[in-house]
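Asker: Give the three-dimensional model of this entry:
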Amino acid sequence: MTRSGARPAAASDVDAICGSLPETWFGTSWGAVPTWLVPHRVRDGVDKGRGFLLYREPRKDALDPATGEPYTDLLVIRTANADDKQALVEDDGPFFTIDHFQNFNAVLVQQSRLGEISFDELVEVVTEAWCACAPKTLVKKFLAERDDAQG
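Answerer: Numbers count the residues shown, from 1 in each chain. As a prediction, this is how the structure comes out:
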């Protein structure tokens, strides 16, 4: 169970949450890195999208302190700003950062540690990542519809 006693999040929830957000698609960024994308800029008739969550490949700049080996199950999740990033990192949860992301608004989390937060917390973090990257008009429409549905 999570700190709140709610249903723990799971790695299997990530794609379902991302796919439930408006106008998202699963593609690649930074070469061939699996990434959830939102519309960004169309160039030469193609919208390459902007990534709001990506599955990070193991790299030597993110090592498991217990083993000294690169993490093999990292997600990179965008944040709206440095304050939001800091709040997630300082919270007593699974989110962290590394020097590589010092000047980038994103946090890292191991998929194997997602159970330390609730499903609802994961929905909130991923939705905020989507809001940080999606076109402002799309975000405004989505939030208005969500608020109307919640009463």
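
Asker: drop to CA atoms for contacts and neighbour counts, all remaining ones
Answerer: Fine.

Asker: Give me the three-state assignment for the residue nearest the centre of the chain.
Answerer: Residue closest to the average C-alpha location in the chain (C-alpha atoms, centre = their mean): residue 77, at 2.7 Å. When classified by DSSP: H, G, I helix; E, B strand; the rest coil, residue 77 comes out as strand.

Asker: Quick check: bridge partners of it?
Answerer: residue 53, residue 107 (DSSP bridges).

Asker: quick one, strands of this protein?
Answerer: 25-29, 33-38, 42-43, 46-47, 50-56, 74-78, 106-110 (DSSP state E).

Asker: now those in a markdown table, with mean pLDDT and distance to residue 14?
Answerer: Listed next are those as a markdown table, based on pLDDT from 0 to 100; distance: least, C-alpha to C-alpha, whole Å:
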| stretch | mean pLDDT | distance to residue 14 |
| --- | --- | --- |
| strand 25-29 | 94 | 12 |
| strand 33-38 | 96 | 10 |
| strand 42-43 | 68 | 26 |
| strand 46-47 | 74 | 23 |
| strand 50-56 | 97 | 9 |
| strand 74-78 | 98 | 10 |
| strand 106-110 | 98 | 12 |
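
Asker: which residues touch the residue nearest to the centre of the chain?
Answerer: Going by C-alpha atoms under 8 Å, 6 or more residues apart in numbering, residue 77 touches 52-54, 106-109, 125-126, 129.

Asker: about what we covered before: out of the strands of the chain, the one nearest residue 136 is which?
Answerer: Closest to residue 136 of the strands of the chain, according to C-alpha to C-alpha: strand 33-38, at 11.4 Å.

Asker: Please name every helix or strand in contact with that closest one.
Answerer: In terms of contacts (3 or more C-alpha pairs under 8 Å, 6 or more residues apart in numbering; DSSP states H and E), strand 33-38 is packed against strand 25-29, strand 50-56.

Asker: got any ranges where this protein has weak pLDDT?
Answerer: Counting by pLDDT under 70, the ranges of the chain that qualify are 1-4, 42-43, 45.

Asker: can you pull out the helices in it?
Answerer: Using DSSP state H, the helices of the chain run over 11-20, 82-90, 119-133, 136-150.

Asker: Quick check: which of the helices and strands packed on strand 33-38 is buried the most?
Answerer: Comparing the helices and strands packed on strand 33-38 on average neighbours per residue, with mean count of other C-alpha atoms under 10 Å, the densest one is strand 50-56 at a mean of 23.
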